[in-house]
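Enquirer: I'd like to go over a predicted model; first the sequence, then the structure.
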Amino acid sequence: MTLDEMYTQMELYGFDDFEDSQKLMLLNESYLDIVTREPWPFMEKLVTFTVPNGAIQVTNNSFSGSPTNVNSVFSFIDMTNFVVMVPERNDVIEKNYQVSNSTSLPHVYYFVGEEMFVYPPTQGNTLYRLYYARTPDSLTSSTSEADILIPKRHHSIIVYGALVKAFLVNDDPQAAVFQNMFESKYQQMRNDLWMNQYDRTDRMQIMTDSYDWGY
């Protein structure tokens, strides 16, 4: 669903007097509310990139391929030296690591604000594999249908969320009706997106009489 189609759908519910900029603001609030509630599968991204020698900042750095919009990490692996990187808090790094001036291979990563770092600095150019959840970008007037992270089949939930907010702006009691519709659509999307592996292997468990013993 394109933004123009979302505008049209809002107009069908009586909000044709709203400017496109106002409708976009409400759609954007709804969209960001939805995508930041859970670590949705559509927020996941897997990238490989090379960090140059001596670097510590991994994200939003000047080297080619530096990841952007990293919200939370699922796994981070040094593919050059076969090291599974371990997460650590920045304050722990500051109090327990920085004073050691270690020259070993990087083995921990941490965040300062929204930027990701490694410790110690890289030893030579290092290939990393990062699996993470993205920070969503706000919708703008130039956002295409493909830029919307929510799968196309569930785009209507963005409109329902915006309609709830629009009815609240007008102090309209229909807001409660559309809130229920929004929550129903939300649950439908959860059921659809969180279960994509119905193909399960069969397992046999060997049980002995000991399972019937009382203790």
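Expert: Alright, I've got the coordinates.
Enquirer: Give the buried residues for the helix ranked longest in the chain.
Expert: The residue-count maximum for a helix in the chain (DSSP state H) belongs to helix 174-193. Across helix 174-193, burial judged by 16 or more other C-beta atoms under 10 Å covers 175, 178-179, 181-182, 185-186, 189, 193. To be clear about C-beta, it is placed using only N, CA and C from the backbone, and glycine gets the same treatment.
Enquirer: what packs against the helix-or-strand element of the chain with minimal mean pLDDT?
Expert: Least confident helix or strand, the chain: helix 90-96 with a mean of 88, by mean pLDDT, DSSP states H and E. Under the contact criterion of 3 or more C-beta pairs under 8 Å, 6 or more residues apart in numbering; DSSP states H and E, helix 90-96 touches strand 108-112.
Enquirer: and the strand it packs on, which strands flank it?
Expert: When sheet partners are counted by DSSP bridges, strand 108-112 sits next to strand 86-87 (parallel), strand 115-119 (antiparallel).
Enquirer: what about the helices in the chain?
Expert: According to DSSP H, the chain carries its helices in the segments 3-12, 20-35, 90-96, 156-169, 174-193.
Enquirer: Could you say which one of the ones you listed comes nearest to residue 82?
Expert: helix 90-96 (22.6 Å; C-beta to C-beta).
Enquirer: chain center to that closest one: distance?
Expert: 26 Å (C-alpha atoms, centre = their mean, to the nearest Å).
Enquirer: ditto for stretch 8-28
Expert: Taking C-alpha atoms, centre = their mean, one finds stretch 8-28 lying 26 Å from the centre of the chain it belongs to.
Enquirer: Quick check: the nearest residue to residue 29 once chain neighbours are set aside vs residue 158, distance?
Expert: Once flanking residues are discounted, residue 29 sits nearest to residue 165: 5.9 Å by C-beta to C-beta, 6 or more residues apart in numbering. Going from residue 165 to residue 158 by C-beta to C-beta, to the nearest Å gives 11 Å.
Enquirer: between those two, which one's more packed in?
Expert: Neighbour count, other C-beta atoms under 10 Å: between residue 165 and residue 158, residue 158 has more, with 28 against 18.
Enquirer: hang on, the earlier thing: need the contact partners of the longest helix of the chain.
Expert: Helix 174-193 is contacted from outside by 34, 38, 40-42, 150-151, 153-154, 156-157, 160-161, 163-164, 167-168, using C-beta atoms under 8 Å, 6 or more residues apart in numbering.
Enquirer: Narrow those residues to those that are buried.
Expert: With neighbours counted by 16+ other C-beta under 10 Å, the contacts of helix 174-193 contain buried members at 34, 40, 42, 150, 154, 156-157, 160-161, 163-164, 167.
Enquirer: circling back: go through the buried residues of helix 174-193 and say which is closest to residue 104.
Expert: Nearest to residue 104 out of the buried residues of helix 174-193 is residue 193 (C-beta to C-beta; 40.9 Å).
Enquirer: What residue spans form the domains of this protein?
Expert: Following automatic domain parsing, one gets these domains for the chain: 3-36+137-193, 43-134.
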